[in-house]
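K.L.:
Quick check, what structure comes out for this input:
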Amino acid sequence: MKSYTKYLTIKTNKKIEIINITKQVKEALEESGIKEGLCLINSMHITSSVFINDEEEGLKKDFIDWLENLAPYDYHRWKHNLTGEDNAHVHLKRTIMGREVVIAITEGNFDFGPWEEIFYGEFDGNREKKVLIKIIGE
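P.N.:
Here you go, the predicted structure:
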């Protein structure tokens with residue numbers, strides 16, 4: 001069994017942003033030479049997320065609005081902010097959207113369903129963060 005590791009460095013232009021990283025992950029798969037196996041993609045920061053969904057601008061806006069309704073910025077509402085931080089809402093957003101995805105690899109391609117793409121969700125941006133791509137297989 002082989003393994004391949006690649007790190008993406010992402011710095012968003014906005015505090016909250018959803019970025020399609022499918023192209024970069026597919027490039028990593030090609031670099032790996034692995035034809036059958038699994039690919040793990042995970043955010044290496046507690047205030048960002050990796051998830052799979054449809055590439056559509058309205059849907060990205062819907063996710064951001066939905067998350068803000070579920071976990072709004074409200075400094076006095078969240079106990080975590082008593083530590084001197086002001087990003088409790090961001091940790092909650094990350095938990096809702098998830099840390100990572102795992103994708104099956106078959107015949108050198110991702111086994112995606114229709115419309116599936118890989119996204120990086122940034123909820124506390126304007127600084128560099130890392131995403132791990134780990135591919136294992138034959």
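K.L.:
which one's the longest helix in the chain?
P.N.:
helix 57-70 (DSSP state H).
K.L.:
and that helix, how far out from the chain's middle?
P.N.:
Put simply, helix 57-70 sits 15 Å off its chain's centre (Cα atoms, centre = their mean, to the nearest Å).
K.L.:
buried stuff in that helix?
P.N.:
Within helix 57-70, the residues that qualify as buried by neighbour count (16 or more other Cβ atoms under 10 Å) are 60, 63, 64, 67. Quick note: C-beta positions are derived from backbone N, CA and C, even for glycine.
K.L.:
Tell me the first helix or strand C-terminal of it.
P.N.:
helix 88-97 (DSSP states H and E).
K.L.:
Give me the buried positions along that following helix.
P.N.:
Those would be 88, 89, 90, 91, 92, 93, 94, 96, 97, for helix 88-97 by 16+ other Cβ under 10 Å.
K.L.:
same deal with stretch 77-85?
P.N.:
78, 81.
K.L.:
Stretch 99-112 now?
P.N.:
In stretch 99-112, counting by 16+ other Cβ under 10 Å, buried: 99, 101, 103, 105, 110.
K.L.:
Widest-spaced pair of these?
P.N.:
Using Cβ to Cβ, those span at most 20.1 Å, a distance reached by 99 and 105.
K.L.:
Tell me the spacing between the closest residue to residue 35 other than its chain neighbours and residue 42.
P.N.:
Nearest-residue entry for residue 35: residue 108, 4.4 Å, with adjacent residues in sequence omitted and distances by Cβ to Cβ, 6 or more residues apart in numbering. When distance is defined by Cβ to Cβ, to the nearest Å, residue 108 is 22 Å away from residue 42.
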